[in-house]
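# Here's a sequence, model it:
(2 chains)
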Number of protein chains: 2
Amino acid sequence: MTLKLYLDFLSQPSRALYIFFKINKVPFELSQVALRKGEHLSEEFKTNLNRFQKVPFIHDGDFRLTESVAIIRYVSKVHNIDNNWYPKETKAQARVDEYLEWQHNNTRAFCALYFQRKWLFPLLTGRQTSPETMQKYEDNMLACLDQIENIWLADTPYLCGDRISVADIFAACEIEQPRVAGFDPIKGRPVLSAWMNRVRSEASPFYEEAHAVLNKLAEKGGKAKL
Amino acid sequence: MTLKLYLDFLSQPSRALYIFFKINKVPFELSQVALRKGEHLSEEFKTNLNRFQKVPFIHDGDFRLTESVAIIRYVSKVHNIDNNWYPKETKAQARVDEYLEWQHNNTRAFCALYFQRKWLFPLLTGRQTSPETMQKYEDNMLACLDQIENIWLADTPYLCGDRISVADIFAACEIEQPRVAGFDPIKGRPVLSAWMNRVRSEASPFYEEAHAVLNKLAEKGGKAKL
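The predicted model follows:
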């Protein structure tokens, strides 16, 4: 029975999982969930698909698993994953784990909040976030991008060492997101900019595939409609 | 060379690591960092101890690691950890991983934000959070505790199955925190209440040791000083 991956390409960890699965030739059946249509909010979805009503998640036969990072680790044990994407060696794996845990209340939270408050919520509700609140969200995101530039990428070409790993995929997918809201994440950040180019190139062509919808929205510089 | 664990007992994941290490007889040297005195904010701390200026973290010889969940996984590989606390079997480990990832933007974020805004920041800055903002933080925390009560503990005595795991320790340590701000997390939640008692009892006496400072503050019902 083929593993089923449920995702929405406008969800950052959904894109990261798609790229990780494709690069590592993990066989899967793709099932798209349109969050913008509220497909995840029904009782039927909650009962039959995912009790937490979010994406991404997997069904591997009877085994249902949510949380993208937990999925990465599970898949790395049951499929053949190239060692650089999720290392088997204890310390190298711990370095990748360190970023995957750090991201939740940094890259994941701050880039997503900026995107949601600047672009998504106004579109869905017709209400703008106040400039003072928006400034706070922007400041948090900028501080986080500075940490990527100055700490994570201080000594190595990738977040967790000399070779690309799944941490780079997760980070890049988060940093792409505020582009939809008209924000340019690489402006004034030469290190982050060069790293983004390396990640896009090494994860090609799956990176572009996963970002096709996002890139179309981003082209409109924050003025796109869902 | 003994592993060094740096922590502050007023930090939730610090307490969780302390309990996990003690229960599993992981040999370690304890080094306390007083966050309330800003000991983590110096350049010297950043350079010599932890580039992210947070706790908890470990130094295992030359290997420095931050992020409590990454530390759990690392320690589980280099020390002998009882299988129920962090299972070796793939699906059982994935279930525990699922909670450890889920918590970041749920239990971890919402219980901590309530504690910070209601109790810590007013104490440090002399400024109160507005009632409307406080209500939002409280609503988020209540919704999260409802998910613990109604989803995570719906069918099993522990978060990830029939036996206690490190996920229960992490969750309980987070849920203890808003007690300092005068909030009673078990009120109206019989399932969560019974589960908290089981966790406290199974992690005894280390659970009480780790919560000694917090319990003293909580006794004053939100009126304690640091």
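# alpha carbons only for contacts and neighbour counts from here, please
OK.
# what kind of secondary structure is A:G221 in?
Classification of A:G221 by DSSP: H, G, I helix; E, B strand; the rest coil places it in coil.
# Now do the lowest-mean-pLDDT helix or strand in chain A: distance to the chain's middle.
None of the helices or strands of chain A scores lower by mean pLDDT, DSSP states H and E than helix A:121-125, at a mean of 92. Centroid separation for helix A:121-125 versus its chain: 21 Å, with Cα atoms, centre = their mean, to the nearest Å.
# Give me the contact list for the helix or strand following that helix.
Using DSSP states H and E, the helix or strand that follows helix A:121-125 in sequence is helix A:131-147. Contacts with helix A:131-147, where a contact means Cα atoms under 8 Å, 6 or more residues apart in numbering or on different chains, come from A:N106, A:T107, A:F110, A:C111, A:L113, A:Y114, A:R117, A:K118, A:P185.
# tell me which residues of helix A:131-147 are tucked away?
Of the residues in helix A:131-147, A:Y137, A:E138, A:N140, A:M141, A:L142, A:C144, A:L145, A:Q147 count as buried by neighbour count, 16 or more other Cα atoms under 10 Å in any protein chain shown.
# Need the max-distance pair from these.
By the measure Cα to Cα, A:Y137 and A:Q147 form the most distant pair in the buried residues of helix A:131-147, at 15.7 Å.
# Next to chain B, which bits of chain A? Give me the list.
Within chain A, the positions near chain B by Cα under 8 Å from any Cα of the partner chain are A:51, A:65-67, A:69-71, A:73-74, A:77, A:90-91, A:94-95, A:97-98, A:101-102, A:104-105, A:151.
# what about stretch A:47-64, average pLDDT?
What stretch A:47-64 shows for mean pLDDT is 96.
# can you list contacts of it?
Taking Cα under 8 Å, 6+ apart as the rule, stretch A:47-64 contacts A:1-8, A:11, A:13-14, A:17, A:33, A:40-41, A:45-46, A:65-68, A:71, B:151.
# Of those residues, keep whichever come out buried.
Buried by 16+ other Cα under 10 Å: A:3-8, A:11, A:13-14, A:17, A:33, A:40, A:65-68, A:71, out of the contacts of stretch A:47-64.
# Quick check: A:S14 touching A:F21?
No - applying Cα atoms under 8 Å, one finds A:S14 not in contact with A:F21, separated by 10.6 Å.
# Do a quick rundown of the strands in chain A.
Remark: strands assigned in chain A by DSSP state E are A:3-7, A:28-32, A:57-60, A:63-66.
# Indicate which one of those strands is closest to B:C173.
By Cα to Cα (comparing all of these), the closest turns out to be strand A:63-66, at 22.7 Å.
# about what we covered before: return a PyMOL selection command for the buried portion of the residues of chain A next to chain B.
To isolate the buried ones among the residues of chain A next to chain B in PyMOL, judged by 16+ other Cα under 10 Å, type:
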select buried, chain A and resi 51+65+66+67+69+70+71+73+74+91+94+95+97+98+101+102+104
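# In helices, which of the residues of chain A next to chain B appear?
Cross-referencing these against helices under DSSP state H gives A:69-71, A:73-74, A:77, A:90-91, A:94-95, A:97-98, A:101-102.
# That's all I had, so thanks and see you.
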